[in-house]
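> got a predicted model here, sequence first, then my questions.
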Amino acid sequence: MAEARPFHWEYRPEPVAREIFRIEGGRPLSGTVRVSGAKNAALKMLAAAVLTGERCRLTNMPEIEDVRVMAETLRDLGVVVDHPAPNVYEVAAGDVDWLFVPLEAAAKMRASFMLLGPLLTRFGRVIISNPGGDRIGRRPVNLHVDAMRALGARIEYRNGYYFAQAPGRLRGAMVTFPFVSVMGTENAMLAATLADGHTVIRPAAQEPEIDDLIAFLQAMGAEVERTAPDVIEVEGRRRLRGADHHVIADRIEAGTFVVAAAVTGGQLTLEGAPCEHLGAFLDVLGAVGVAVACGRDTIEVIGSPPAERAYRACDLVTAPYPGLATDLQPPTAVLLTQAAGESHIHEAIFEDRLEWLAELGRMGARVTIDDPHRATVSGPSRLHGAEVSIGDLRAGASLILAALAADGTTLIHGAHHVHRGYENIEGKFLDLGARIERLAEGSPVTSS
Ligand code: EPU
């Protein structure tokens, strides 16, 4: 049974247990690491499971904070969410008491907005907090809202909340986005599965996590298909059934470990690794000169030892899939600090994804932020330990990579952010020979 937990109707930011990573760098990593399930698939599976009253069983779910928050958000609505074993979640949304997703959830995680489509299409109404509200920074959701309106929903925005209603059922429609959005595509697709009639989503995002979500929906009895690379079509059904699904591997976590081997001059084998989803990233590795071999579901990386290093500078631009993932841009930037020459990074998706490079600079990287979307990295640099802090999980994981490659000790404040998206990251690095520990903020620590 779901555990009872106080439901906060008002927004009360919970005190976060702030943590620090303490890392002694300069040791090549070696060994084998298993890649966990993909965060950005797992979160959507939990949302999709409320499309049916029957029980859904999800395996290979990553044990991360964001999944825990999504599960807790569902429990607050009255959905039964069981966690019978590590990496396994079961969801039974027979009874949903509250069609309300509070700011408490939205403030913790933007992906809470993924509940809009499923709750609206199944129950005909929902009140959901805007994760783009002024209170927590600019994160637009206009594409999601427009997609629901195209499907016939009436949506009003008041006091930070969207009040969404679907008189009768949503109805199938053409959903046309002005540009590609991952969660916009997913929300539209989930809503369309129970709508009356045929929906065409265009341009649909092409991320592998979306195809994994399509596979889960098909197992639930939904009629949904990618009919062209950037088109998803859905024929609405009256009801869906429970299903089992095994979540795909996390390509971003895999890329993070590949860079760990490359920058420490180590040798790693990644198991359960999704080589086929890493095409653009593997192209960058090839250009930089990192030796990578893809097996059936393994990736082997042989990093070049620092003394003999011959990595080459490379220009990169992030793009929607199949382009280079914006989530892999920060780890790749760490790799470029070890490459000879000037590398240019163009972060084309997000505006706030380069600021963390200032922290990398404190570790000896030569980086200039040219504008909110562009940076230049000059290398190679000998990184050294420093005291740095992180504000989001991808930057956090990347500072860990830099610290593993650096001489001396690094203290990374804000370590708890990393646990939002990486399962047991320090345990995995410890098994590969890293010297990393996680400490509560305020513990006696020393930096060198
Ligand atoms: N955008 C709008 N309006 C919208 C939605 C998006 O203007 O209604 C803009 C965004 O501001 C951005 C662009 O569209 O500039 C593309 O954003 P997208 O909607 O594709 O991103 P997302 O769905 O919010 C997901 C991942 C992100 C990942 C991006 C891009 C999840 C939970 N999040 O976000 O993952 O970076 O796609 O691939 O799936 C992460 O895991 O660290 C992470 C941030």
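Sure thing, it's come through.
> ok, then the element right after the helix or strand of the chain with the lowest mean pLDDT?
One helix or strand of the chain scores below all others by mean pLDDT, DSSP states H and E: helix 103-108, with a mean of 86. Once helix 103-108 ends, the next helix or strand along the chain (criterion: DSSP states H and E) is helix 116-123.
> buried set for that following helix?
Leu116, Gly117, Pro118, Leu119, Leu120, Thr121, Arg122 (16 or more other Cβ atoms under 10 Å). Bear in mind the C-beta positions are built from the backbone N, C-alpha and C, glycine included.
> surely Leu430 forms part of a strand?
No. Under DSSP: H, G, I helix; E, B strand; the rest coil, Leu430 sits outside any strand and is assigned helix.
> list the contacts for the closest residue to it other than its chain neighbours?
In space, and not counting its chain neighbours, Leu430 is closest to Ile436: 6.1 Å by Cβ to Cβ, 6 or more residues apart in numbering. Applying Cβ atoms under 8 Å, 6 or more residues apart in numbering to Ile436 gives the contacts Phe21, Arg22, Ile23, Glu24, Ile400, Ala403, Leu404, Glu426, Phe429, Leu430.
> cutoff 6 Å now
The contact partners of Ile436, by Cβ atoms under 6 Å, 6 or more residues apart in numbering, come to Ile23, Glu426, Phe429.
> correct me if wrong, but it is in a helix.
No. Going by three-state DSSP, the assignment for Ile436 is strand, not a helix.
> which strand residues bridge it?
Ile23 (DSSP bridges).
> the one 4 residues further on now?
In this structure, Ala440 has the following beta-bridge partners (DSSP bridges): Glu19.
> mind checking how far the least confident helix or strand of the chain is from the chain centre?
On the basis of Cα atoms, centre = their mean, to the nearest Å, helix 103-108 sits 17 Å off its chain's mean C-alpha point.
> what does stretch 192-211 give?
That offset, for stretch 192-211, works out to 20 Å (Cα atoms, centre = their mean).
> do the same with stretch 399-417
20 Å.
> show me the contact partners of that stretch.
16, 19-26, 259-260, 263-264, 331, 334, 360, 363, 383-390, 392-393, 396, 434, 438, 445, 447-448.
> that stretch and the ligand, are they touching?
No. Residues of stretch 399-417 are not located near the ligand by Cβ under 6 Å from any ligand atom, the shortest gap being 10.0 Å.
> before we move on, back to that, where's the dip in pLDDT among the contacts of Ile436?
Least confident of the contacts of Ile436 in the model: Glu426, at 95.
> the stretch 101-250 of the chain: helices as residue ranges?
103-108, 116-123, 142-150, 182-192, 208-219 (DSSP state H, counting those that start in this stretch).
> these: lowest mean pLDDT?
Among the helices of the stretch 101-250 of the chain, helix 103-108 carries the lowest mean pLDDT, at a mean of 86.
> can I get that one as CSV, trimmed to CA atoms?
Extracted as CSV, the C-alpha positions of helix 103-108 are listed here (Å, rounded to 0.1, in the frame of the first residue of the first chain):
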residue,chain,number,x,y,z
LEU,A,103,3.0,23.8,-7.0
GLU,A,104,4.8,21.7,-4.5
ALA,A,105,5.3,19.1,-7.2
ALA,A,106,5.9,21.5,-10.0
ALA,A,107,8.6,23.4,-8.1
LYS,A,108,10.5,20.2,-7.6
